[in-house]
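A.B. asks: Here you go, sequence then predicted model.
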Protein chains: 2
Amino acid sequence: MSNYDEKYLKRGASASKSEVHAAIKNTDKGIFPGAFCKIIEDHLGNDKEYCNIMHADGAGTKSSLAYIYFKETGDISVFRGIAQDSLIMNIDDVIAVGATENMLFSNTIGRNKHLISGDIIGEIIDGYEQVLSMLNDNGIGIYSCGGETADVGDLVKTVIVDSTLSARMKRSDVIDNDNIAPGDVIVGLASYGQATYEDKYNSGMGSNGLTSARHDTFTKLYVDKYPESYSAETDKEYVYCGKYKLTDDFGHGDLTVGQAVLSPTRTYAPVLKEIFDHIGRNEIHGIIHNSGGGQVKCRSFGKGVHYIKDSMMEIPPLFELIKDSSGTDYPEMYQVFNMGSRMEIIVPGDLAEEIIEIAGSFKIEAKVIGRVEKNPDSEIANKVTITAPDGQEIVY
Amino acid sequence: MSNYDEKYLKRGASASKSEVHAAIKNTDKGIFPGAFCKIIEDHLGNDKEYCNIMHADGAGTKSSLAYIYFKETGDISVFRGIAQDSLIMNIDDVIAVGATENMLFSNTIGRNKHLISGDIIGEIIDGYEQVLSMLNDNGIGIYSCGGETADVGDLVKTVIVDSTLSARMKRSDVIDNDNIAPGDVIVGLASYGQATYEDKYNSGMGSNGLTSARHDTFTKLYVDKYPESYSAETDKEYVYCGKYKLTDDFGHGDLTVGQAVLSPTRTYAPVLKEIFDHIGRNEIHGIIHNSGGGQVKCRSFGKGVHYIKDSMMEIPPLFELIKDSSGTDYPEMYQVFNMGSRMEIIVPGDLAEEIIEIAGSFKIEAKVIGRVEKNPDSEIANKVTITAPDGQEIVY
């Protein structure tokens, strides 16, 4: 076990979720077992040409950080970003299989009423409405069905913000990562900067790795001040052991370090829809949303391929800050964080330029970060090699 | 504010959720604003004859009780019941508008990995599969899409088990509680006993009111032993202030008191499907699932009606035990717990007998518990009068 895995475990989380995968090992993989999301028959419409997806995810422990940020600064609007995190973690998974319309959305909020007011819930709900409306404006057909807010202070220390998304789509539109093939190139889309549909600089943080990012970035000052913001069972040695205060200057995009780590998860939905409309879903061999698992996520998709990422996106300042604050090495950073690119599109080389141009039209940097080769070691298992900025080739 | 409301608030929960309702007041009510669940246009299929529902709910703090029961007895299978609670709280809401097929299901589990093992997650997932298979065997068309298990020990003290359900149905099949009319009778279906599709005695407990039921039933012994099972912000005076140990004999159905409070939420789906098939959805004026709000839940449905419940189901032993252990009076008990009937079918009087017979064929007791009259006080607001066993008429 790596140091990092060990630290993760000590914090009551895990990087690999191997235990969870063991618990669900017997459950059915659906009708496109190679796709990024589980896809099932059209139980909603009983039409053989269609299929269904239902997908759940949430903001994770980012809401705990939003809570202490709100307590420190009084800025309640930070909870709007948590709604965005929760929703985008779903939509960017589902759009990775090609769904852009006929989608329903519902949320589940669990709060400790002692600490989380109705005003905070109001901000979260407004945040959801705001992102949904931005998505609708960009041609994404997603509709809110409301949700459930439960007062569960005996279970939830502060607030947990989860979402679920249902979609119905044509089977012929499904992007199936089983099509990823040797010879393809990997186009990475930047997770940082400011897209045309964003109103400020985005640090590139998504909504995974937050247990680690929070404790590795922020200072011991918060240990005694906010015991409600971390697990009582975690040894205090591993709680808030970073260098920064929430209000320290981040040095980019006029953000504090707190705001940088809380940067709402960027959605790639508007860009991907444009790519689908221009290039066609069937030309795309695969799409990987680099959430949990970071740059190594791709290893779970494709068959007997070797992902060689030797021309990575420049690492944005936030991940350098987390790396430096925690003393984590590159091999571990790459398997937790997106490190600059949260969406990868895998296509034959001649399509790369058009994708890069479309991303650019949304002011999102994109580039060919690597290529797909045959895995010399296996016909089934996949392999990932990443070249770090210091030149080392990391093999996963 | 009543004593009960006050005690609820002190425990970081609320009986009325008025704050939450205020936060969502501006959100759209859907195309059948009088129905039990929010129903929207057929965004999944774009067919004017169809509509969609997406619904979220969970086991609430019942999972905290399962946790301490597991710690005390070593019986890990108790977590299967929590999966049933989480799923049935959804399906019994959705079936109340008439949906029995074309349903998808997804779950969201948040755990503190320090305390909740992969084996426990395995039990929860097996529990879901077991209930889904029982529902399928009874003609309910619901399909699992898997879900998300997140390690969020910094947010969740033990484990939170939520579910979301999507359904697509014909608009003409929708049971719209706006049809509830003076002259109708209220048929109550028992929440306790042992239905043909249950493998042991069910106490009648659903998955609401558990913060109250837990603390009012179980003894101070657990305060120091399991601080992870309640909110750190709740004054200890209000934590576990009942008379019973988890392992005390309940005196009914060979259960301990712990098992009685943990009795998995009964589903009425097989019975309602049979009723729909025999009587037709269009003959039914309304269906109320008495979850949060207990016997007063009906007050939110219908227009200018007075629900007179003067012939209530006998109160099952569990609710008498909670009442006695907590010193709560009838007016408060009825607005938190189902008190013996968790599903009400509101129909013209001549249909009551057939409903009672169908319920009986599943060994579920049913009876006419009351009637609907015009509310003399308002054309819009509704009123509920319940006759308690001691003869008092309680007006809500």
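C.D. replies: Cool, got the structure.

A.B. asks: Just the pLDDT for A:Lys383.
C.D. replies: Looking at A:Lys383, its pLDDT reads 97.

A.B. asks: go on, A:Glu365?
C.D. replies: So A:Glu365 comes in at 98 (pLDDT).

A.B. asks: Ok, A:Glu228 next?
C.D. replies: So A:Glu228 comes in at 97 (pLDDT).

A.B. asks: for it, phi and psi?
C.D. replies: phi -70, psi 0 (degrees, to the nearest 10).

A.B. asks: The closest residue to it other than its chain neighbours - how many residues pack around it?
C.D. replies: Once flanking residues are discounted, A:Glu228 sits nearest to A:Lys157: 4.9 Å by Cβ to Cβ, 6 or more residues apart in numbering or on different chains. The C-beta positions use only the backbone N, C-alpha and C, and glycine is treated the same way. Residues lying near A:Lys157 (other Cβ atoms under 10 Å in any protein chain shown) number 30.

A.B. asks: Equivalent analysis for A:Asp277, please.
C.D. replies: What A:Asp277 shows, counting by other Cβ under 10 Å, is a neighbour count of 12.

A.B. asks: what's in contact with the helix or strand containing it?
C.D. replies: Taking DSSP states H and E as the definition, A:Asp277 sits inside helix A:269-279. Here helix A:269-279 makes contact (Cβ atoms under 8 Å, 6 or more residues apart in numbering or on different chains) with A:88, A:91-92, A:95-96, A:98, A:100, A:135, A:138-140, A:189, A:195, A:197, A:284, A:287, A:343, A:345, A:347, A:351, A:354-355, A:358-359, A:361-362, A:364.

A.B. asks: State the mean pLDDT of it.
C.D. replies: Rounded mean pLDDT across helix A:269-279 is 98.

A.B. asks: Model confidence at the residue nearest to A:Glu228, what's the number?
C.D. replies: Reported pLDDT for A:Lys157: 98.

A.B. asks: before we move on, what about A:His285?
C.D. replies: Model confidence at A:His285 (pLDDT) stands at 98.

A.B. asks: Not counting its neighbours along the chain, what's nearest it?
C.D. replies: Using Cβ to Cβ, 6+ apart, the closest residue to A:His285 is A:Asn179 (4.4 Å).

A.B. asks: Could you tell me which helix of chain A is the longest one?
C.D. replies: With secondary structure taken from DSSP state H, chain A has its longest helix at helix A:118-137.

A.B. asks: Name the SS class of A:Ile386, please.
C.D. replies: strand (DSSP: H, G, I helix; E, B strand; the rest coil).

A.B. asks: List the beta-bridge partners for it.
C.D. replies: As for beta bridges, A:Ile386 partners with A:Lys309, A:Ile394 under DSSP bridges.

A.B. asks: Next, count neighbours for it.
C.D. replies: 24.

A.B. asks: Quick check: the gap between the closest residue to A:Gly302 other than its chain neighbours and A:Glu344.
C.D. replies: Nearest non-adjacent residue to A:Gly302, counting by Cβ to Cβ, 6+ apart: A:Ile180, 3.8 Å away. Distance of A:Ile180 to A:Glu344, given as Cβ to Cβ, to the nearest Å: 10 Å.

A.B. asks: next one: A:Asp248
C.D. replies: In this view, A:Asp248 and A:Glu344 are 32 Å apart by Cβ to Cβ.

A.B. asks: Same drill for the two, tell me which one is more crowded.
C.D. replies: Taking neighbours as other Cβ under 10 Å, A:Asp248 and A:Glu344 compare with A:Glu344 leading, 25 against 15.

A.B. asks: sorry, back to before: give me the contact list for the longest helix of chain A.
C.D. replies: A:70, A:76-77, A:79-84, A:86-88, A:91, A:105, A:107, A:109, A:111, A:142-144, A:149, A:159, A:161, A:197, A:267, A:269-270, B:19-20, B:22-24, B:27.

A.B. asks: which residue sits closest to A:Met312, ignoring its sequence neighbours?
C.D. replies: A:Ile369 (5.3 Å).

A.B. asks: Give the partner strands of the helix or strand hosting that neighbour in its sheet and their orientations.
C.D. replies: Taking DSSP H and E as the definition, one finds A:Ile369 inside strand A:366-374. Strand A:366-374 sits in its sheet next to strand A:184-190 (antiparallel), strand A:305-309 (antiparallel), going by DSSP bridges.

A.B. asks: Following the chain past the helix or strand of chain A with the lowest mean pLDDT, name the next helix or strand.
C.D. replies: Least confident element among the helices and strands of chain A, by mean pLDDT, DSSP states H and E: helix A:18-23 (a mean of 62). Note on helix A:18-23: by DSSP H and E, the next helix or strand toward the C-terminus is strand A:40-41.
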